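this one's sequence-less:
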């Protein structure tokens, strides 16, 4: 998915305004098991990172690894289901969802995930939902 600069900025802002540094580090590990924010940013571990810095690096990595939609889905899950016994209201998540829908996706509220809109003009895999490059999919007989 091609992520526009405005959408990227909105997700970064929502992350650092809604979550603290420790929770952002948890989100990093939920999306990428074994994720080391200090190795990714190149900062020494004795320098504390700000929430903005962590959010910017996480979103940049998610876009580069084609995990952007998974990150937004995780943000939605944190708001609805929560993590570690509490929910995390995400400021601006509705606008982010709207922007992704405008890019040719639909949000499945039952599965809480984004799928390509089969009636959209940007649909690359008509009728398949959301395919990822490099993954093998089994087609039922």
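In hand now; what should we look at? From a predicted model like this one, the values you see are computed outputs, not experimental measurements.

so what's the residue count around residue 136?
For residue 136, the tally of surrounding residues (other C-beta atoms under 10 Å) stands at 4. Every C-beta, even on glycine, is put in place using the N, C-alpha and C of the backbone.

tell me how far it lies from residue 73.
Counting by C-beta to C-beta, to the nearest Å, the separation of residue 136 from residue 73 is 22 Å.

so residue 115: helix, strand or coil?
strand (DSSP: H, G, I helix; E, B strand; the rest coil).

can you count the residues close to it?
Neighbours around residue 115, by other C-beta under 10 Å: 15.

and stretch 85-105, what's buried?
Neighbour-count burial for stretch 85-105, with 16 or more other C-beta atoms under 10 Å as criterion, is recorded at 88, 90, 93, 96-97, 99-100, 103-105.

I misspoke; the intended subject was stretch 64-80.
67-79.

how far does it sit from the chain's center?
3 Å (C-alpha atoms, centre = their mean, to the nearest Å).

roughly how far does the most centrally placed residue in the chain sit from residue 63?
With distances taken as C-alpha atoms, centre = their mean, residue 71 lies nearest the centre of the chain, 1.7 Å away. Per C-beta to C-beta, residue 71 is found 9 Å from residue 63.

where do the helices of the chain begin and end?
Secondary structure of the chain (DSSP state H): helices at 5-18, 21-31, 37-41, 51-64, 68-80, 93-102.

what's in contact with the second one?
Just to be clear, that refers to helix 21-31. For helix 21-31, contacts defined as C-beta atoms under 8 Å, 6 or more residues apart in numbering pick out 15-16, 19, 35, 37, 48-51, 54-55, 58, 62, 67, 70-71, 74-75, 78, 83-84, 88.
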